[in-house]
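Engineer: The sequence isn't on hand, but the structure is:
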């Protein structure tokens, strides 16, 4: 059984803050400070260029990919780190479309994260071969997969509502129709048990700054099924995906296995922070995280519904259909969230009217959930969101 | 007049090392340690998600782009940071090709960095419209630009030989033929005076881990001429290039000006290191850097030619035709470089037989150049490269 009192102390949590926005940006793992400082001092500072070999920098994208792979059910040699999630979506989608050259539909849902859809749009326009990004309601995806569909591209957990797709079922439906899948695990990795191999997923991508706590703008990851990797011809064919980058050959030859999904020079400082963030997971069972997340989520829903009758649950009520977040709709969601943050309970707002609360058992406990609901109830009951300073709109994240 | 004794002390240079590989990875600016530590402690740690607004993280790619812009002659609002150089090459090239839809040739030279050519190959294949990457000798580029050429894509300073293109002349020749230019400034930014605006460059890209000293895998930059930016439709259309990323609209609408070249969530930790690295340039005149680089280069060539008659200068002899590096061909370049590094003089090897020495006046002086040439002469004269331990090949960087 995972000891969550042990994991909570591994993070820096500011005095007086209950942090319910770790699904947007996870908090600082204390060890990241020393790990990054050491990288600068002992590796970059002392080794200089030799760090690429002597400190193993060149191998970091694959070594850390392995560590992430263990959290998402990916076999060895199938995950590599680099770039941003949007770039990884582009890579995966481009590769998948090439594997289904006779088909023209990318199927997704209205709940997918906009950047994934924007990247698909850009790719479709670039290809200029009449591909279509087709969107349906989340619950209609499986039935909408027909033999025109090349790729089903979905975010497993809806970023607004927390609605969870059944990865195994949708992937099976895709395969039955001869289509491939690209799964975005942004809100899944580190939050839920995922078994990419068992689900038969073809491609998966994800970021590491949410439930994996690797810091603002931390690198993304990409998974390619062993069934496909040797057939993938990278469109973003950068030198570090080359079979022999330092031979400086004129012709691109893709590297072995997942290495070919590398593009440019890896972001070593950011990867050091990720390395420290992943240390937190040593001795943590993801099934325990999920069980605790469900417990905390149920508690939070009960407390909020008791204290705030004006708020309507926007997430699925059944815990098994939700990711690791709970959302409520409220007409005054924006100013209410500002008032809440002002009182040290940090959640997030998603347009037009969603208050979103991420539940990360590594550093949240039952007392936090009860207290957060209590503060929220005070704001709603006291109409504190009416104060002018909470009405002002700012750039949001 | 820039005081280079003042800049040298701003870097950590390991005891006993003369560092002539700053054109591969610049050394650690001392201030980067505290700047990165502060980001982790005070911003990520204390502000958490609020850092995007309260610490200005969301604006960092443009703010730091402005700082780089001042070093490369780019007007305000034309440079933005993000991704890797390979990705930025792809973006620039895709945009340029769209601006010349009726043309099919990407003209480059044999000296271009392989990753730039690989990215071009990948784009061409993805477009599937019969584009061609045509390579000529560096000195033949200007004459090879005809009306079939859509884009002339060049690295200003050849990564192996240091040969310098005349950006103004080549750009003019390109424009005379109705073609556009994409300039890779990897070995130029921070090494040479560059005036993108005066040269009329259409697009430019560069990295920040060489002469700008921002650390291993530091973010890249992209410049788009004000003539073109409002006509560019990004192919890598990520959410942070959207006009209103947090409206989460279904449809992509490119953001204002250079912001549209942003893709995913910016790498905040790496940008903090870059910020500190750019502080070194306060009070430094790039013309002084160039003058000192020429002085140090001439001195180094003279000393090496005196002490090592077996080595042949591989860089242009005329200082005005060289970037900020000096290269020699030597049959035993690989083991000789290993022996040299072993004695604390760190240069680089480029296949098949090039010994490459980067000259960065911010932290190198005349005594360093004389001493480095002396150590090299000892290795060559004493045939120290014959020792078995220097013969072994490793992965190189």
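Structural biologist: Sure, I can see it. Please read these numbers as outputs of a predicted model, since none were measured by experiment.

Engineer: use CA for all of it now, contacts and neighbours both
Structural biologist: Fine.

Engineer: can you count the residues close to the closest residue to residue A:111 other than its chain neighbours?
Structural biologist: Of all residues not flanking residue A:111 in the chain, residue A:158 sits nearest, at 5.6 Å (C-alpha to C-alpha, 6 or more residues apart in numbering or on different chains). Neighbourhood size, residue A:158 [other C-alpha atoms under 10 Å in any protein chain shown]: 26.

Engineer: got it, and residue A:367?
Structural biologist: Residue A:367, neighbours per other C-alpha under 10 Å, totals 11.

Engineer: Check residue A:188 too.
Structural biologist: Residue A:188 has 25 neighbours, counted by other C-alpha under 10 Å.

Engineer: Excluding chain neighbours, what is closest to it?
Structural biologist: Of all residues not flanking residue A:188 in the chain, residue A:157 sits nearest, at 6.3 Å (C-alpha to C-alpha, 6+ apart).

Engineer: Would you confirm that that neighbour contacts residue A:163?
Structural biologist: Yes - using C-alpha atoms under 8 Å, residue A:157 is in contact with residue A:163, at 5.5 Å.

Engineer: can you list residues touching both of these two?
Structural biologist: A:322-323 (C-alpha atoms under 8 Å, 6 or more residues apart in numbering or on different chains).

Engineer: Who are the contact partners of residue A:12?
Structural biologist: Shown in contact with residue A:12 (C-alpha under 8 Å, 6+ apart): A:27-30, B:45.

Engineer: Just those residues: which are in strands?
Structural biologist: Using DSSP state E, the members of these that fall within strands are A:28-29.

Engineer: ok, the contacts of residue A:12 vs residue A:374, which is closest?
Structural biologist: Taking C-alpha to C-alpha as the measure, residue A:374 sits nearest to residue A:27 out of the contacts of residue A:12, at 22.6 Å.

Engineer: and the stretch 201-350 of chain A, which residues reach chain B?
Structural biologist: Counting by C-alpha under 8 Å from any C-alpha of the partner chain, the residues of the stretch 201-350 of chain A close to chain B are A:215-219, A:234-239, A:246-252, A:263-270.

Engineer: Please name the nearest non-neighbouring residue to residue A:305.
Structural biologist: In space, residue A:305 comes closest to residue A:311 once its chain neighbours are excluded; the distance is 7.2 Å by C-alpha to C-alpha, 6+ apart.

Engineer: what pLDDT does the residue nearest to residue A:188 get?
Structural biologist: We have a pLDDT of 98 for residue A:157.

Engineer: Same question for residue A:397.
Structural biologist: On the pLDDT scale, residue A:397 gets 42.

Engineer: isn't residue A:167 right next to residue A:198, touching?
Structural biologist: No - counting by C-alpha under 8 Å, residue A:167 stays clear of residue A:198, with 9.8 Å between them.

Engineer: of those two, who's got more company?
Structural biologist: Neighbour tally, residue A:167 and residue A:198, criterion other C-alpha under 10 Å: the higher count belongs to residue A:167, 21 against 11.

Engineer: For the more buried one, give me its contacts.
Structural biologist: Listed by C-alpha under 8 Å, 6+ apart, the contact partners of residue A:167 are A:156, A:199, A:201.

Engineer: which residues touch the last one?
Structural biologist: Pointing back at residue A:201 there. Shown in contact with residue A:201 (C-alpha under 8 Å, 6+ apart): A:167-168, A:171, A:180-183, A:225.

Engineer: Separate out the buried members of those residues.
Structural biologist: A:167-168, A:171, A:180-183, A:225 (16 or more other C-alpha atoms under 10 Å in any protein chain shown).

Engineer: In JSON lines, list these along with pLDDT and secondary structure.
Structural biologist: JSON lines is the format used below for these (pLDDT from 0 to 100; DSSP: H, G, I helix; E, B strand; the rest coil):
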{"residue": "A:167", "pLDDT": "98", "secondary structure": "helix"}
{"residue": "A:168", "pLDDT": "98", "secondary structure": "helix"}
{"residue": "A:171", "pLDDT": "98", "secondary structure": "helix"}
{"residue": "A:180", "pLDDT": "98", "secondary structure": "strand"}
{"residue": "A:181", "pLDDT": "98", "secondary structure": "strand"}
{"residue": "A:182", "pLDDT": "98", "secondary structure": "strand"}
{"residue": "A:183", "pLDDT": "98", "secondary structure": "strand"}
{"residue": "A:225", "pLDDT": "98", "secondary structure": "coil"}
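
Engineer: Check those against residue A:126 and report the nearest one.
Structural biologist: Distance to residue A:126, by C-alpha to C-alpha, is smallest for residue A:182 among the buried ones among the contacts of residue A:201, at 19.1 Å.

Engineer: Quick check, that closest one in contact with residue A:153.
Structural biologist: Yes - assessed by C-alpha under 8 Å, residue A:182 is found in contact with residue A:153 at 4.6 Å.

Engineer: For chain B, what's the nearest residue on the stretch 251-397 of chain A?
Structural biologist: Distances between the stretch 251-397 of chain A and chain B by C-alpha to the nearest C-alpha are smallest at residue A:267, namely 4.1 Å.

Engineer: ok, now which ones touch residue A:324?
Structural biologist: By C-alpha under 8 Å, 6+ apart, the residues touching residue A:324 are A:162, A:187-188, A:191-192, A:290, A:293-294, A:297, A:358-360.

Engineer: low-confidence ranges in chain A?
Structural biologist: A:393-397 (pLDDT under 70).

Engineer: Pop the domain breakdown of it in here.
Structural biologist: As assigned by automatic domain parsing, chain A contains the domains A:4-28+A:285-391, A:32-279.

Engineer: ranking the ones you listed by burial, who's on top?
Structural biologist: Scoring the domains of chain A by mean neighbour count under mean count of other C-alpha atoms under 10 Å in any protein chain shown gives domain A:32-279 as the most buried, with a mean of 22.

Engineer: so where does residue A:368 fall, helix or strand?
Structural biologist: Taking DSSP states H and E as the definition, one finds residue A:368 inside helix A:366-381.

Engineer: swap in residue A:108?
Structural biologist: Assigned by DSSP H and E, residue A:108 belongs to strand A:105-109.

Engineer: who does that strand touch, helix- and strand-wise?
Structural biologist: strand A:132-136, helix A:141-144, strand A:149-155 (3 or more C-alpha pairs under 8 Å, 6 or more residues apart in numbering or on different chains; DSSP states H and E).

Engineer: contacts for the shortest one?
Structural biologist: Outside of helix A:141-144, the residues that reach it under the criterion C-alpha under 8 Å, 6+ apart are A:107-109, A:136, A:169-170, A:173-174.

Engineer: Surely residue A:123 is in contact with residue A:94?
Structural biologist: Yes - assessed by C-alpha under 8 Å, residue A:123 is found in contact with residue A:94 at 7.2 Å.

Engineer: and after the helix ranked longest in chain A, which helix or strand comes next?
Structural biologist: In chain A, assigned by DSSP state H, the helix with the most residues is helix A:286-307. Once the chain leaves helix A:286-307, the next helix or strand it forms, by DSSP H and E, is strand A:312-313.

Engineer: in its sheet, what does that next one sit against?
Structural biologist: If you go by DSSP bridges, strand A:312-313 pairs up with strand A:325-329 (antiparallel).

Engineer: coming back round to it: now distance to residue B:367 too, for the helices and strands packed on strand A:105-109, in a markdown table please.
Structural biologist: Shown next, in a markdown table, are those (distance: least, C-alpha to C-alpha, whole Å):
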| stretch | distance to residue B:367 |
| --- | --- |
| strand A:132-136 | 62 |
| helix A:141-144 | 69 |
| strand A:149-155 | 59 |
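
Engineer: re the thing from before, turn the contacts of residue A:324 into JSON lines, columns for distance to residue B:16.
Structural biologist: Listed next are the contacts of residue A:324 as JSON lines, based on distance: C-alpha to C-alpha, whole Å:
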{"residue": "A:162", "distance to residue B:16": "56"}
{"residue": "A:187", "distance to residue B:16": "48"}
{"residue": "A:188", "distance to residue B:16": "49"}
{"residue": "A:191", "distance to residue B:16": "48"}
{"residue": "A:192", "distance to residue B:16": "51"}
{"residue": "A:290", "distance to residue B:16": "53"}
{"residue": "A:293", "distance to residue B:16": "54"}
{"residue": "A:294", "distance to residue B:16": "58"}
{"residue": "A:297", "distance to residue B:16": "58"}
{"residue": "A:358", "distance to residue B:16": "51"}
{"residue": "A:359", "distance to residue B:16": "51"}
{"residue": "A:360", "distance to residue B:16": "48"}
